[in-house]
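Visitor: Sequence unavailable; structure follows:
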């Protein structure tokens, strides 16, 4: 089995991780910011060092292309992820996939293995979406899901325009998004969840990605005095919200572990200790890897809200904020990941990606899949984000063998 | 049966209600503010018009005293309430009790009924507590529950000092709080709740006042990704908070209508749609007219929080914000209210005051009770606060006869 240069990969993860650290020690590389430019420059420098041709598209996606005279007419295999970060981020999320992709190419070169098709490593613009919404924007545009002109005109949370910022940092590229039509896309990523860590498993063969449904729910009750209003005369919007939260957890418990639901935000009005809430506004994030099941959860929630209107006399309105269908990854690639992990005697399991990923966008245009490695305690989007070196190496070593197999 | 001058009372309620209305039409007379000074001046002018001796104590409580040569050595009967308001208030809360007390005296005078003891009508400082905390401060100081020097030094939400503001508006009085030792205290008040209105009853003979327990509860969970964290690995502070809210409602439902509980405020951290809450901070307001029952509710809540720490793996801390024991009013006066209402063929019922009142403080130093009249739809602390004229009259007519009976 092939191996990558483990120390070089680790050094690059650490080196890229040093870029964008502020005076308080917090690492932040928001899309198209000065710190992210510095990260891009470093990655481009490494790509050139490896002899790759570097191309940038209109939305700022960077591609390092390794092609030879003999294979350049074949559709390439693409690897990739992103190097933008959330605020106060860890150093693995996204960067691991980009740098491991580069490492795969460089190790193959050094071991004088010439693939039958070109290999490409991509770093997609604005995966995190903290400055410009939506997230996973670069891969979404690349896959044709969002018009590039529209994307470039998006105004950020800081009032800047993405297109202007990309130009300013020198990454408004010259290629049409989608200009490379890959035969396959594979993304190596940290799990960002606890499953592999808790189960002590090294490799996740990611077979699908959960569908996501976000709703904002507004419940109207009647503000009344907390002391003088008898229980049976209350129309308590806050109580109704609490019932929805516990209802959704019951649904999760009954789903055999497939549904997850979260209420992450909530606000009461008037929000006074001794006034019954006249309004509760909160969000419900519900996910399931199966579209029928996800629809069933949405319908169960809707039915429960109707029931609450009757039992609790409240008025309820909902707004769909986000809706992504589940993504099924390519069975051939997923099996190949399992097979390689088995050959390398690495413990492995099939799993679902709970988070959104660039791979879900690329799956629209080519067979795609992901490889996960453990996140210690499932922590991500946090400076404490950590994956053990041995797992970093295992993932990248599975990666290079999967790519070699697919490219032959 | 005696009757008050109904039209004069109504005119005064309306006239006092015009004082403190701002450019937006909102009525606000915060304690010791310019608008409240204008209200005080008007009430003092009416007291003087009725030939009362006006005395003001150190904390700014105003007393209109009607005494004669023959009864001035007897302990007086005191009536009263307050004329300060919440922000954007109605015109009845407090004012009704003060102006009806004045009306009782003036009507007795005009009907040449001389009581065996002096009659006093008091307007207590800062009942609402919106500018200076705690609320019911004037009566609390008067009853010896708070040192007057301490009270005068209290800094308001606007940075002012109560004592300085009272001086500025000319109501830093010269009498020691408690200087009048009443033989009884009776307060006429709007219900500020829906019971009398819903049941179509004119008169509430208020036999007790609920004990109040306010706690702030902080639940600590673990912030984790809403997509990647399996249900069984979550430590969800928001879910635990929702369980507490529904638990308290269950307690209320099991209490036979005696316990009321409210969660009026809540906040999650980090309050992001796709992050499991790491913290939930919320309040629980629980009330019961029986101290043992109130303690039982507090203990049930504490036991449930302990249980949640075990089942949900969260960490919970609580802080007591407010704790008042229930107040039992004087049975003789309460019976007298019932008797008078019956004699006047007015529908009546015994009831509990759900709100805090000056009468609960006065109950510390003399036999006390309250009379309630209906609040349409239970609305109070709101410009929509409304009591029908016929109920305003009925309450004041019961009041004058109760006072006459007690003073003979």
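Guide: Nice, I can see it. Please read all numbers here as calculations on a predicted model, not as lab measurements.

Visitor: remind me which residues of chain A are low pLDDT?
Guide: Within chain A, no stretch has pLDDT under 70.

Visitor: For it, which segments are assigned as strands?
Guide: Secondary structure of chain A by DSSP state E: the strands cover A:53-56, A:62-66, A:77-81, A:119-123, A:184-190, A:203-209, A:211-220, A:260-262, A:266-269, A:279-288, A:315-324, A:327-328, A:348-353, A:368-373.

Visitor: List the strands paired with the fourth one, with their directions.
Guide: When you say that, I think you mean strand A:119-123. In the sheet, strand A:119-123 lines up against strand A:62-66 (antiparallel), strand A:77-81 (parallel) (DSSP bridges).

Visitor: Then the last one?
Guide: Looking at strand A:368-373 with DSSP bridges, its paired strands and their directions are strand A:184-190 (parallel), strand A:203-209 (antiparallel).

Visitor: Could you tell me the angle between the last one and strand A:348-353?
Guide: Inter-element angle recorded for strand A:203-209 and strand A:348-353: 30 degrees (by axes from the mean of the first three to the mean of the last three Cα atoms, to 10 degrees).

Visitor: buried set for strand A:203-209?
Guide: Using 16 or more other Cβ atoms under 10 Å in any protein chain shown as the test for burial, strand A:203-209 gives A:203-209. Heads up, the C-betas are built off the backbone N, CA and C, glycines and all.

Visitor: Figure out how far it is from the centre of its chain.
Guide: Centre-to-centre, strand A:203-209 and its host chain are 13 Å apart (Cα atoms, centre = their mean, to the nearest Å).

Visitor: same deal with stretch A:100-114?
Guide: 26 Å.

Visitor: Need the residues that contact it.
Guide: By Cβ atoms under 8 Å, 6 or more residues apart in numbering or on different chains, the surrounding residues in contact with stretch A:100-114 are A:2-5, A:8-9, A:12, A:43, A:46-47, A:50-52, A:64, A:66, A:68, A:70-71, A:79-81, A:115, A:119, A:121-122, A:188, A:395-396, A:399-400, A:403-404.

Visitor: Quick one: buried ones out of the residues you listed?
Guide: A:2, A:4-5, A:8-9, A:12, A:43, A:46-47, A:50, A:52, A:64, A:66, A:71, A:79-81, A:115, A:119, A:121-122, A:188, A:395-396, A:399-400, A:403-404.

Visitor: nearest spatial neighbour of the residue of the stretch 201-350 of chain A found nearest chain B, skipping sequence neighbours?
Guide: Among the residues of the stretch 201-350 of chain A, residue A:228 lies nearest to chain B; the distance is 2.7 Å by Cβ to the nearest Cβ. Here the nearest residue to residue A:228 in space, its sequence neighbours aside, is residue B:193; by Cβ to Cβ, 6 or more residues apart in numbering or on different chains that works out to 2.7 Å.

Visitor: Can you get me a residue count around the one you found?
Guide: 29 (other Cβ atoms under 10 Å in any protein chain shown).

Visitor: these two touch, right, it and residue B:375?
Guide: Yes. Assessed by Cβ atoms under 8 Å, residue B:193 is found in contact with residue B:375 at 6.6 Å.

Visitor: per-domain residue ranges of chain A.
Guide: A:6-209+A:326-406, A:211-324 (automatic domain parsing).

Visitor: Out of those domains, which is closest to residue B:181?
Guide: Of all the domains of chain A, domain A:211-324 sits nearest to residue B:181, with 29.5 Å by Cβ to Cβ.
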